[in-house]
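> sequence-free structure coming up:
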């Protein structure tokens with residue numbers, strides 16, 4: 001897909017079709033709020049430049065991503081009275097990076113389930129809650145350690 005054929009690259013011209021409204025933008029980022037959502041303030045933060053994934057951010061986009069998302073999340077939280085704002089990034093829908101920002105309040109349509117299958121909630125002695133799927137058990141610890149070692153090696157060497 002090219003920027004010319006990308007729905008999100010059309011910016012405000014695509015907002016009606018996507019049932020959303022622009023609420024903020026700067027030189028690199030654009031925030032829109034959904035006009036068709038289960039929760040008030042559900043928003044999308046997207047770069048103005050056509051890229052598909054977070055790892056493709058560069059220069060000023062990369063430098064401003066943290067401040068932009070923090071500013072947008074704070075505004076969404078304050079404007080909606082949300083307890084927190086969930087952040088979702090999926091990579092297989094519209095092929096233009098868009099970060100879903102979902103203000104969450106107790107009793108609304110959102111939940112913290114990220115794993116498919118029957119979810120078990122386990123309260124740990126340290127106060128944390130661990131969620132796991134009975135349908136998709138944890139991978140063997142050695143496989144997870146190997147993946148962590150490969151990531152470490154790519155990021156810091158060694």
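That came through fine. For clarity, every value in this text was computed on a predicted model and none was experimentally measured.

> do you know how far residue 102 is from residue 60?
Distance from residue 102 to residue 60, counting by C-beta to C-beta, to the nearest Å: 26 Å. Quick note: C-beta positions are derived from backbone N, CA and C, even for glycine.

> these two: who's more crowded?
residue 102 (21 against 12; other C-beta atoms under 10 Å).

> give the contact list for the more buried one.
39, 42-43, 85-88, 110 (C-beta atoms under 8 Å, 6 or more residues apart in numbering).

> do that again at 6 Å, thanks
Applying C-beta atoms under 6 Å, 6 or more residues apart in numbering to residue 102 gives the contacts 42, 86, 110.

> neighbours of residue 9, how many?
For residue 9, the count of nearby residues is 18 (other C-beta under 10 Å).

> for residue 30, see how far away it is.
In terms of C-beta to C-beta, residue 9 sits 11 Å off from residue 30.

> next: residue 73.
15 Å.

> what does the residue lying closest to residue 86 once chain neighbours are set aside show for phi and psi?
Using C-beta to C-beta, 6 or more residues apart in numbering and skipping the chain neighbours, the partner closest in space to residue 86 is residue 102 (4.3 Å). Residue 102 adopts backbone torsions of phi -120, psi 100, taken as degrees, to the nearest 10.

> save the contacts of residue 102 as a markdown table, and put in neighbour count and distance to residue 25 too.
Conversion of those to a markdown table gives the following (neighbours: other C-beta atoms under 10 Å; distance: C-beta to C-beta, whole Å):
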| residue | neighbour count | distance to residue 25 |
| --- | --- | --- |
| 42 | 24 | 18 |
| 86 | 17 | 22 |
| 110 | 17 | 26 |
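
> in CSV: those residues, plus distance to residue 98 and secondary structure.
Listed next are these as CSV, based on distance: C-beta to C-beta, whole Å; DSSP: H, G, I helix; E, B strand; the rest coil:
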residue, distance to residue 98, secondary structure
42, 12, coil
86, 14, strand
110, 18, coil
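
> tell me the least confident of the residues you listed?
pLDDT across the contacts of residue 102 is lowest for residue 110, at 81.

> all good on my end, thank you.
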